[in-house]
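[1] What shape does this take:
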Amino acid sequence: MRLQSHTKLFLVVQAINLERKLRDERQAGILENIRWKELGLLSFVWFAYLAVQTAMNYTTTCSTSYWALNLLQIPVSVGVFLYEAIGLYEGWRVIASKGNEGTNWKVYHLVLCCACGMVAGIIGGLIGIDGGFVMSPLLLGLGIPPQVASATSTFGMTFSSSMSVVEYCLLNRFPVPYDELVSCH
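    Residues are numbered from 1 along each chain as shown. Down below sits the predicted model:
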């Protein structure tokens, strides 16, 4: 089971902060608008999960090394969650669509969001869906505009599916060659 619930909270906060910064800034070039710190953190999480999932494929299923590798996802998830949660609690991270109201996060708000993210991740993993049916209503309940909630849920799906595509490509597990998929025979 992939531990992506904390990553979904991270994605929510990143999308909202990006929306706020883009709205408040003057027009600038593409490189000036890239949030390098956020992009670096997101890339770290993506590569860490990819490395762990790929390494797990080279171990015996349910062996000690398999479960040790699987448990390596927990420190990454908890670390990213704590980074974002502390930022929201202390006020140096805000949810832009909430305005000034978004700077007053209480601990129980953070625990509730974490729990909802975990439920979405567990349900998504058990049923094989993205968990967006849990995350989107949560975001709407937090006062996030529907467009941002939808985009964040879609980006979460892109985050996990792109990792699966790269993993399958690295492991040579595509069942049908691409030329057969795109050609009309």
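
[2] and the longest helix along the chain, what other elements does it pack with?
    Identified as the longest helix of the chain according to DSSP state H is helix 146-170. With contacts taken as 3 or more Cβ pairs under 8 Å, 6 or more residues apart in numbering; DSSP states H and E, helix 146-170 sits against helix 5-24, helix 36-56, helix 132-141. Yep, even glycine has a C-beta here, placed from its N, CA and C like the rest.

[3] among the helices and strands of this protein, which one scores worst on average pLDDT?
    In the chain, the helix or strand scored least confidently by mean pLDDT, DSSP states H and E is helix 178-182, which has a mean of 61.

[4] what's the burial count for W105?
    19 (other Cβ atoms under 10 Å).

[5] Now it. Its backbone dihedrals?
    Dihedral pair for W105: phi -90, psi 130, per degrees, to the nearest 10.

[6] what's the helix or strand for the residue nearest to it when sequence neighbours are not counted?
    With Cβ to Cβ, 6 or more residues apart in numbering as the criterion, W105 has its nearest non-adjacent residue at 4.3 Å, and that residue is L88. Taking DSSP states H and E as the definition, one finds L88 inside helix 73-90.

[7] Can you list the low-confidence ranges for this protein?
    Judged by pLDDT under 70, the chain has its weakly predicted residues at 1-16, 18, 21-28, 33, 94-103, 128-132, 175-185.

[8] Just the CA atoms of the helix holding L88, as PDB, please.
    The C-alpha trace of helix 73-90 is given here as PDB (Å, rounded to 0.1, in the frame of the first residue of the first chain):
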ATOM      1  CA  GLN A  73       7.800   5.500   2.900                       C
ATOM      2  CA  ILE A  74       6.600   6.400   6.400                       C
ATOM      3  CA  PRO A  75       9.400   8.800   7.300                       C
ATOM      4  CA  VAL A  76       9.100  10.600   4.000                       C
ATOM      5  CA  SER A  77       5.300  11.000   4.400                       C
ATOM      6  CA  VAL A  78       5.500  12.100   8.000                       C
ATOM      7  CA  GLY A  79       8.400  14.500   7.300                       C
ATOM      8  CA  VAL A  80       6.500  16.200   4.500                       C
ATOM      9  CA  PHE A  81       3.300  16.400   6.500                       C
ATOM     10  CA  LEU A  82       5.100  17.900   9.500                       C
ATOM     11  CA  TYR A  83       6.900  20.400   7.400                       C
ATOM     12  CA  GLU A  84       3.600  21.600   5.900                       C
ATOM     13  CA  ALA A  85       1.600  21.300   9.200                       C
ATOM     14  CA  ILE A  86       4.200  23.300  11.100                       C
ATOM     15  CA  GLY A  87       4.200  26.000   8.400                       C
ATOM     16  CA  LEU A  88       0.400  26.300   8.500                       C
ATOM     17  CA  TYR A  89       0.300  26.300  12.300                       C
ATOM     18  CA  GLU A  90       3.000  29.000  12.700                       C
END
